[in-house]
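J.: give me a 3D structure for the following:
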Amino acid sequence: MASEVTRAAFDEAEGEGYFASVSDLMVGILFVFLLLLTVFALHYQTSTEDVEKLKAELVRLEALARERAEAAERARLEAERAKMEAEAQRRLAEAERAEAERQRLLAEAERQRNAELQRLLARQRQALLRALDLLDREVESRQRTREALLERIRERLSDRGVIVQIDHRSGVLRLPERELRFPTRSAELGAEQREAVRILAEVMAEVLPCFALGGQRSGCAAEDQPLLETVLVEGHTDKRPLTPDRDFRDNFELSAARALTVYRALATDRPALLALRNPDEQPLLGVSGYGETRPLPGALGDSERELAANRRIDIRFILSARTTEEVERLREEIRRVLETVP
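T.: Residues are numbered from 1 along each chain as shown. Next comes the predicted model:
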């Protein structure tokens with residue numbers, strides 16, 4: 001009995017010891033588990049912080065990468081812009097060089113054109129100078145010839161007792177009233193005046209053939225040439241108005257009638273004068289009447305002397321506008337040179 005009690009007590013004690021060992025074991029395991037959990041938690045917290053740090057670093061790196069990418073893009077764009085500007089500058093420089101070359105070529109062409117124009121102008125100037133020299137010599141020669149004509153007529157008239165006046169500038173031989181006086185309001189010649197006109201016709205028939213076509217040249221000088229365009233018998237009156245009558249309405253008709261009277265007297269006395277022609281084969285002699293409209297410069301007043309000076313007959317010798325063949329050739333040369341100038 002006692003042994004059963006003792007065994008029961010031992011079994012109970014052993015059972016309690018077993019449970020105590022299992023508890024301790026469980027506690028130990030739990031402690032280890034807790035310890036591991038703590039370590040894991042610590043490691044997890046550390047890993048989380050590392051991850052956050054990594055994430056933050058990653059965000060920073062991503063931002064840095066973006067910044068660098070943006071900077072690289074900006075740099076690329078700037079480089080592209082700089083490249084485009086450089087290309088534009090290059091093209092502009094090429095355009096400027098091309099324009100400069102074009103301007104150089106234009107300047108060279110203009111220089112050559114100016115040089116050609118200078119040569120043409122020099123030719124023109126030489127041709128013009130030659131023509132001017134010839135024209136000057138021809139004008140002087142023609143003027144001298146007309147002066148010789150007037151002087152020849154004046155001298156021959158003077159030798160025959162008829163005194164005339166000469167205006168070399170206008171080429172006029174003037175018959176004053178004392179040599180060729182008409183009765184008042186009349187176009188009829190008296191005996192003395194008729195004789196003066198006869199002498200004038202005789203002298204003109206001797207001299208004019210040397211300076212016109214169609215006449216018998218006799219006693220002409222070597223330099224005489226057919227340069228007369230026309231010889232006009234001009235009638236003039238003083239400025240006193242003419243009262244109209246059955247013969248003349250005014251001074252114009254009276255002056256024209258007196259000029260026509262002299263013209264007819266010349267033609268009657270020397271018919272050969274009507275055969276004289278100008279270079280265009282037209283009749284040389286003509287008539288004009290000016291009334292009181294062309295008073296002499298020194299006879300504009302109302303004195304009897306001035307009035308008498310304007311009652312006159314003028315013989316006007318008009319030169320032909322024709323030029324010599326040499327001058328005509330020069331004119332043609334000048335025209336040809338002018339046609340070459342653009």
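
J.: residue 232 pairs with what?
T.: Listed beta-bridge partners, residue 232: residue 286, residue 316 (assigned using DSSP bridges).

J.: what's the burial count for it?
T.: When neighbours are counted by other Cβ atoms under 10 Å, residue 232 registers 19. (Each C-beta comes from the backbone N, C-alpha and C, glycine too.)

J.: residue 312 too?
T.: When counting by other Cβ under 10 Å, one arrives at 26 neighbours for residue 312.

J.: and for the one 3 residues further on?
T.: Here the count is done by other Cβ under 10 Å, and residue 315 has 22 residues near it.

J.: nearest residue to it in space, please, no chain neighbours.
T.: If you skip the residues right next to it in sequence, residue 315 has residue 173 as its closest partner in space, 4.3 Å away by Cβ to Cβ, 6 or more residues apart in numbering.

J.: what of residue 187?
T.: Excluding its sequence neighbours, the residue lying closest to residue 187 (Cβ to Cβ, 6+ apart) is residue 257, at 3.7 Å.

J.: okay, and for the stretch 1-150 of the chain, where does confidence drop off?
T.: Within the stretch 1-150 of the chain, the ranges that satisfy pLDDT under 70 run 1-20, 22, 39, 41, 43-48, 50-51.

J.: go again using 50 as the cut-off
T.: Judged against pLDDT under 50, the stretch 1-150 of the chain has no low-scoring part.

J.: which parts of it are strands?
T.: The residue ranges that make up strands in the stretch 1-150 of the chain, judged by DSSP state E, counting those that start in this stretch, are empty, as it has none.

J.: before we move on, back to that, quick one, what contacts the residue nearest to residue 187?
T.: 187, 235, 247, 248, 289 (Cβ atoms under 8 Å, 6 or more residues apart in numbering).

J.: need the per-residue pLDDT for the last one.
T.: On the pLDDT scale, residue 289 is placed at 96.

J.: quick one on the thing from earlier: surely the residue nearest to residue 315 touches residue 154?
T.: Yes - with contact defined as Cβ atoms under 8 Å, residue 173 counts as touching residue 154 (6.9 Å).

J.: show the pLDDT at residue 259.
T.: Note for residue 259: predicted pLDDT of 97.

J.: which helix or strand contains it?
T.: Counting by DSSP states H and E, the secondary-structure element that holds residue 259 is helix 251-269.
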